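Student: Here is my input, please return the structure:
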Amino acid sequence: MADVLVLNAGYEPLHRVSLKHAVTMLVRGVAVVEESVEGHTFGPYPLPRVLRLVRYVAMRWRYRSAGRPPVTKDGVKRRDGECAYCGGPAQTVDHVVPRSRGGDTSWLNLVAACEPCNARKADRTPLEAGMPLRLAPFVPPPEHGLVRRQRRLPAAA
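Tutor: Residues are numbered from 1 along each chain as shown. Here you go, the predicted model:
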C-alpha cells in the first residue's frame, strides 16, 4: 500500500500521506481509521486505507484567492504567449498602469512584453506611450492551468 487518503473531519478529502505518516497520526490520536485493508493490521491498528481527522482543519490555502491562480511572471508570459505591444517573443512582464502611477501587480494589470517595448513604454500608460495593447489582460481560470489563450482587442482605426 503506497499511500493513505486523509479526510477532514467533515469528510472532505485533504491529501494523501505515506503509511508511516498515517500510523503516526493514529498513534498521536489526531485521526481515526475510516476504511482499512481487511485482514491486515499494523500493531494494534488495522492497516489504514482511509483516515479521518478528529478535528476539523480549515483549508484557507484552498480558498485564498477565490479560485484565482497566483500571479507570477512565468504565468503571465504563458497566458499571453507574445508581447502585448508588438507581438514579438515575450521576455519580461510589464505593468499596464505603472506601479509609480498607482498600478498594482495583478492579472489585470500585467502583460507579457519584449524588452525593447518594455523599455520604450517605461513608466507611462500605453496611451501616453502611443503603444496600444494587442491583447487584453484577463484572469486565467484555474481549471485551465494557464493555457495559452488570447483575447484580441479590435484594431484601432
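Student: can you map out the helices along this protein?
Tutor: Under the criterion DSSP state H, the chain contains helices at 19-28, 60-63, 73-80, 115-121, 126-129.
Student: Quick one: closest of these to S36.
Tutor: helix 19-28 (10.5 Å; CB to CB). Placement of C-beta: from N, CA and C, glycine included.
Student: which parts of that closest one are buried?
Tutor: 22-23, 25-26 (16 or more other CB atoms under 10 Å).
Student: one step back: and the helices of the chain: which comes nearest C86?
Tutor: Judging the helices of the chain by CB to CB, what sits closest to C86 is helix 115-121, at 5.4 Å.
Student: What lies in contact with the closest one?
Tutor: When contacts are defined by CB atoms under 8 Å, 6 or more residues apart in numbering, helix 115-121 is touched by residues 83, 85-86, 88, 91-92, 94, 113, 129, 131.
Student: centre of the chain versus it, how much separation?
Tutor: Computed by CA atoms, centre = their mean, to the nearest Å, the chain-centroid distance of helix 115-121 equals 28 Å.
Student: Spatially nearest residue to E35, not counting backbone neighbours?
Tutor: V50 (4.0 Å; CB to CB, 6 or more residues apart in numbering).
Student: Just give the number of residues close to that neighbour.
Tutor: Neighbour count of V50, defined by other CB atoms under 10 Å: 16.
Student: Might you report the residue contacts of it?
Tutor: Contacts of V50 by CB under 8 Å, 6+ apart are 4-7, 33-35.
Student: so what's the nearest residue to M131 once chain neighbours are set aside up against?
Tutor: Leaving aside its sequence neighbours, M131 sits nearest to Y85 (CB to CB, 6+ apart; 4.8 Å). For Y85, the contacting residues are 94, 111, 113-114, 117, 121, 126, 131-134, by CB under 8 Å, 6+ apart.
Student: Drop anything exposed from those.
Tutor: Counted by 16+ other CB under 10 Å, the contacts of Y85 give 94, 111, 113-114, 117, 121, 126, 131, 133-134 as buried.
Student: Now render those residues as JSON lines, adding pLDDT.
Tutor: What follows is these, written out as JSON lines (pLDDT from 0 to 100):
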{"residue": "D94", "pLDDT": "96"}
{"residue": "V111", "pLDDT": "96"}
{"residue": "A113", "pLDDT": "96"}
{"residue": "C114", "pLDDT": "96"}
{"residue": "C117", "pLDDT": "96"}
{"residue": "K121", "pLDDT": "95"}
{"residue": "P126", "pLDDT": "94"}
{"residue": "M131", "pLDDT": "95"}
{"residue": "L133", "pLDDT": "95"}
{"residue": "R134", "pLDDT": "94"}
